[in-house]
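Student: I would like the atomic coordinates for the input below:
(one chain, ligands or ions: 1)
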Amino acid sequence: MPCVEPVTTVTTAITAGHHAVALLKGITEKIKASGRSEGLSDFIDVQMAMLDLIQKHHEQIWENVQLRQRIHELESDKARDQDLRFDGEVYWKVEGDKKDGPFCQTCYDRDRRLARLHAGKSEAVKWNCTVCNNFVYRGSASNRPVPQMPTDILPGAWAGS
Ligand SMILES: [Zn+2]
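Tutor: The predicted structure follows:
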């Protein structure tokens, strides 16, 4: 679905509104100039109601434009999701016989962000994400580095207690 240019839509509505108000002002001036003031206040009321109507119309147009943009974004997200394949470790973007990636699972699942992974710089690390600092390890879980306990909370550090 083509996305309608929002600025054009709003500008057209504003121009039409200004034209209608200008016509009403012109008629009001003619009534004033004729010296026949009966009905003049009614005409000013119509002018005010028209301005109010135009304001509401602008708000609705703007809301409509925003909703169209949101639909467009959601359709783009959906189209992108349909092209993504998860291989158990990372995402790949597959279009026909073209395969792009890999992309970080953490970034995509959390933020819907396609963060390109970099090849790991050590034997154990297969991929790493520079956005969330996530690592994808090669092979079994035994390849993963054992987290180091901070030395200041080891029992031996509490000498004398
Ligand atoms: Zn990431």
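
Student: Packing partners of the one helix or strand Ile31 maps to?
Tutor: Following DSSP states H and E, one finds Ile31 within helix 6-34. Counting by 3 or more C-beta pairs under 8 Å, 6 or more residues apart in numbering; DSSP states H and E, the packing neighbours recorded for helix 6-34 are helix 40-83. Where you see a C-beta, it was placed from the backbone N, CA and C, and this is true even at glycine.

Student: which element follows the helix it packs on toward the C-terminus?
Tutor: Next element after helix 40-83 (DSSP H and E): strand 84-86.

Student: Would you list the strands that that following strand pairs with, along with their directions?
Tutor: Strand 84-86 sits in its sheet next to strand 91-95 (antiparallel), going by DSSP bridges.

Student: What count of nearby residues applies to Glu75?
Tutor: Here the count is done by other C-beta atoms under 10 Å, and Glu75 has 12 residues near it.

Student: And the helix holding Ile31, what's buried?
Tutor: 13, 17, 24, 31 (16 or more other C-beta atoms under 10 Å).

Student: pretty sure the third one is in contact with Asp42, am I right?
Tutor: Which is Leu24. No: if you go by C-beta atoms under 8 Å, Leu24 and Asp42 don't touch, sitting 11.7 Å apart.

Student: follow-up on the earlier one: which one of the buried residues of helix 6-34 is nearest to Val94?
Tutor: Ala13 (42.8 Å; C-beta to C-beta).

Student: Please name the residues that touch that closest one.
Tutor: 57-58, 61 (C-beta atoms under 8 Å, 6 or more residues apart in numbering).
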